[in-house]
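J.: Give me coordinates for this.
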Amino acid sequence: MCGIGGFLSTQLNNQEVAHVCNKMARTLSARGPDDEGIWIHSPDGVALFHRRLAINDLSENGRQPIFSFDSRFLLSLNGEIYNYEKLRQELVDKGIIFKGRCDAEVLVNSISIWGLDETLKKLEGMFAFALWDNLKKRLFLVRDRIGEKPLFYGIFSDSFVFASELKAIQKFPFFKNQLEKQAIDYFLNLGWIPSPSCIFKDVKKLNPGTVLTIERSEGKIKSSEYSYWSITALLLKGETSNYSLTSEYLKILLKNKIDDILKADVPVGFFLSGGIDSTLLTTLAQIQTREQLKTFTLGFEDKEYDESLFGKAVAKILQTDHFSVKFSRSELPQIISELPMVFDEPMADFSQIPTLFLSKIAAKKVKVIVTGDGGDELFGGYVRHLYGPRIWSLTSLIPSSIRDLFSGFQDSIFFPRSFFEIYGRRKVSHFGVKLQKLLELMSSSSFSKFYSKLLGQGKCLGKEVLSQNEKLRFFLENSELSKFSIAEKIMVLDMLLYLPDDLLVKLDRCTMANGLEGRSPFLNHYIIEFALNLQKKQKIRNSSGKAMLIEILEDYFPKGFFKRPKTGFSPPINTWLRSDLKKIVEEKIFSGSFLKENPNFFSRAKLFWENHQSGKYDLSYQIWTLFTFQNWLDFNGIAAGTIF
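T.: All right, here's what the predicted structure looks like:
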């Protein structure tokens, strides 16, 4: 796991190229604290750099950028190729001699022997890499299938620039801090920005499963891209494999992939919440290794949000070396001050707070952490997978004129706080929040807008734009995919959008900011393809998701052990915003440039704040999004400008 970057430019002299490359590389030192490598070829105006977090082959033989055996290709890799040992042996059988044992050397030599496209078919892992073809004078950028590793790129004054994070691109001389309006709408509506959009103009995120080719032709930068793997393409093909679609086969598949993920020359640990996903992975890992696994759980002082007891219970049964820590409110100022540096594109998923904190704790003990990311999206683990189809079925029967009434109704209604507390305590937890969400969903004029509202924050801050997203539209408007149920459509869209652009961004930034590599076995493409072949009833059964994962766990835990509501990894942000964070958040929001330069939005923001403080609504999402955006603007020294 590392940080990569570079550029293709003829606008800088030799001295400037070296200086800029060094400045860009230093911004990614947290991603790669162990080593730095820079390669510059002035005649072609190309420069590549690499910051290394050493996981396999800790010697200098793992230094990058690294050449292929024939010196044609130069590679800078961020990530891990899990099956590199198998590929290495195939290359050795072909007579290739290796200098070391690192996966980057295997990858660049694989490309030299088999070509880029054929190599990509063989790869198992998480990766984003830059490849320079010294013969054809082309630069290739490649991102892994599901989007575990990030890659940004842009063109400025006829220079092509790329990096693992925006902070490196911001150091390029011709970069401009100009905001992209549509990206701001995405952020204010969702709290995150789906690829390929980016918060800055002229910058994009490379889509997962994509190859981007860059070359200079007739004095100009030209680029083209293609998808080498996509979930939508697999679904269009129909059956994606000849798997035996049973829980027993999935267990074998998971065991094999976990075994690959455990291979490292440094200590490996597991995030263990005690939920289904993390427990299953930890269980299968512990029974196939002689070493006592290190596991990590985070708890909160607020018992309603504290899952640490479940993690402790599982750790005791599995006899892991368990570390359970409580998040103290005294940690909030320090963590919040770090957020705009860690997330150099604004991101307002407030589970970023505990994830960043737990990553700090884990990094003191291990250099690799295994997580359960992907389990919910693949196997129907979210509440929206269970109840979304029912709500849409009802909504689709309601005339549009009445749906419009729901929109106006939910925007103006305020129930007394006591009603929420009494009804919620006796009947439904967080009743008020759920009622707001229901009314918002039932005002949807189309399924694309319905899904957008499922992901969005209700009473959203910005213009709804997700329904216009190219990935969402291609999937929903393709007649060949209409056969899938609403639940299946929601799961697929979660894999295309929410997983790569919210959850995996959060995991990558929080872990890498602490020199920690996050690995997610569920995201191996063989497991994804297995899950795509399952029928809905194999995932969702008796109004509960993850049926097949639970089947496996019942071989090791008592039946009903995991029968409890899903809480996720969310902190008590609603309470914090009325107490510990009240002063800092209020000052930041209402004294910042965003509201000052957009006065028409001020009254709406004030209403959100006052109603949250009174307890009439839980408007944590909206307030945290406003705070995060202003905090990010201030950190980057950017005036918001007129947006609304």
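J.: Would you map the helices across the stretch 301-450 of the chain?
T.: Chain-ordered helices for the stretch 301-450 of the chain, with DSSP state H, counting those that start in this stretch as the definition, fall at 308-318, 332-342, 352-363, 375-379, 383-395, 400-412, 417-426, 431-441, 447-455.
J.: now the stretch 501-644 of the chain
T.: 504-512, 525-533, 536-539, 547-553, 573-576, 582-591, 593-596, 599-614, 620-636.
J.: now the helices of the stretch 301-450 of the chain in a markdown table, with mean pLDDT and distance to residue 511?
T.: The C-beta positions use only the backbone N, C-alpha and C, and glycine is treated the same way. A markdown table is the format used below for the helices of the stretch 301-450 of the chain (pLDDT from 0 to 100; distance: least, C-beta to C-beta, whole Å):
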| stretch | mean pLDDT | distance to residue 511 |
| --- | --- | --- |
| helix 308-318 | 93 | 18 |
| helix 332-342 | 95 | 10 |
| helix 352-363 | 97 | 5 |
| helix 375-379 | 97 | 18 |
| helix 383-395 | 93 | 26 |
| helix 400-412 | 64 | 38 |
| helix 417-426 | 44 | 35 |
| helix 431-441 | 73 | 30 |
| helix 447-455 | 89 | 23 |
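J.: Compare the ones you listed and give me the one nearest residue 38.
T.: Evaluated with C-beta to C-beta, these place helix 332-342 nearest to residue 38, the distance being 23.2 Å.
J.: tell me which strands and helices the closest one is in contact with?
T.: When contacts are defined as 3 or more C-beta pairs under 8 Å, 6 or more residues apart in numbering; DSSP states H and E, helix 332-342 packs onto helix 352-363, helix 620-636.
J.: Now do the contacts for the residue nearest the centre of the chain.
T.: The centroid of the chain falls nearest to residue 504 when counting by C-alpha atoms, centre = their mean (1.7 Å). Contact partners of residue 504, counting by C-beta atoms under 8 Å, 6 or more residues apart in numbering, are 146-148, 373, 520.
J.: related to what we said a few turns ago, nearest approach to residue 185 belongs to which of the helices and strands packed on helix 332-342?
T.: Scanning these with C-beta to C-beta as the criterion, the closest one proves to be helix 620-636, at 11.7 Å.
J.: what helices or strands is that closest one leaning on?
T.: Packed against helix 620-636 by the contact rule (3+ C-beta pairs under 8 Å, 6+ apart) you find helix 181-190, helix 332-342, helix 573-576, helix 582-591, helix 593-596, helix 599-614.
J.: Out of these, which gets nearest to residue 257?
T.: Closest approach to residue 257 among those (C-beta to C-beta): helix 332-342, 28.3 Å.
J.: so where's the stretch 101-250 of the chain shaky on pLDDT?
T.: Within the stretch 101-250 of the chain, the segments meeting pLDDT under 70 span 239-243.
J.: Which residue ranges of it form helices?
T.: Counting by DSSP H, counting those that start in this stretch, the segments of the stretch 101-250 of the chain that form helices are 103-114, 116-122, 166-169, 181-190, 231-237, 247-261.
J.: Could you single out the most deeply buried of the helices of the stretch 501-644 of the chain?
T.: Stretch with highest mean neighbour count among these: helix 504-512 (a mean of 24; mean count of other C-beta atoms under 10 Å).
J.: Just the CA atoms from that one would do, formatted as CSV, please.
T.: Output for helix 504-512, consisting of C-alpha atoms alone and laid out as CSV, is shown next (Å, rounded to 0.1, in the frame of the first residue of the first chain):
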residue,chain,number,x,y,z
LEU,A,504,-14.0,2.6,0.5
VAL,A,505,-12.9,6.3,0.5
LYS,A,506,-13.4,6.4,4.2
LEU,A,507,-11.5,3.2,4.8
ASP,A,508,-8.6,4.1,2.5
ARG,A,509,-8.1,7.6,3.9
CYS,A,510,-8.5,6.7,7.6
THR,A,511,-6.1,3.8,7.4
MET,A,512,-3.5,5.3,5.1
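J.: Quick one: mean pLDDT over that helix.
T.: Mean pLDDT, taken over the full extent of helix 504-512, equals 97.
J.: tell me the angle that helix makes with helix 352-363.
T.: Taking axes from the mean of the first three to the mean of the last three C-alpha atoms, to 10 degrees, helix 504-512 and helix 352-363 form an angle of 40 degrees between their directions.
J.: from the chain's centre, how far out does helix 504-512 sit?
T.: On the basis of C-alpha atoms, centre = their mean, to the nearest Å, helix 504-512 sits 7 Å off its chain's mean C-alpha point.
J.: Likewise for stretch 371-381?
T.: The chain centroid and the centroid of stretch 371-381 are separated by 13 Å under C-alpha atoms, centre = their mean.
J.: before we move on, the earlier item: okay, the helices of the stretch 101-250 of the chain in CSV with mean neighbour count and distance to residue 67 next?
T.: Below are these laid out as CSV (neighbours: other C-beta atoms under 10 Å; distance: least, C-beta to C-beta, whole Å):
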stretch, mean neighbour count, distance to residue 67
helix 103-114, 24, 7
helix 116-122, 14, 16
helix 166-169, 24, 23
helix 181-190, 22, 37
helix 231-237, 15, 33
helix 247-261, 18, 26
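J.: Can I get those in JSON lines including distance to residue 434?
T.: Conversion of the helices of the stretch 101-250 of the chain to JSON lines gives the following (distance: least, C-beta to C-beta, whole Å):
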{"stretch": "helix 103-114", "distance to residue 434": "46"}
{"stretch": "helix 116-122", "distance to residue 434": "43"}
{"stretch": "helix 166-169", "distance to residue 434": "36"}
{"stretch": "helix 181-190", "distance to residue 434": "19"}
{"stretch": "helix 231-237", "distance to residue 434": "29"}
{"stretch": "helix 247-261", "distance to residue 434": "32"}
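J.: Let me know which of the ones you listed is the nearest to residue 333.
T.: Comparing those by their distance to residue 333 (C-beta to C-beta), the top pick is helix 166-169, with 22.1 Å.
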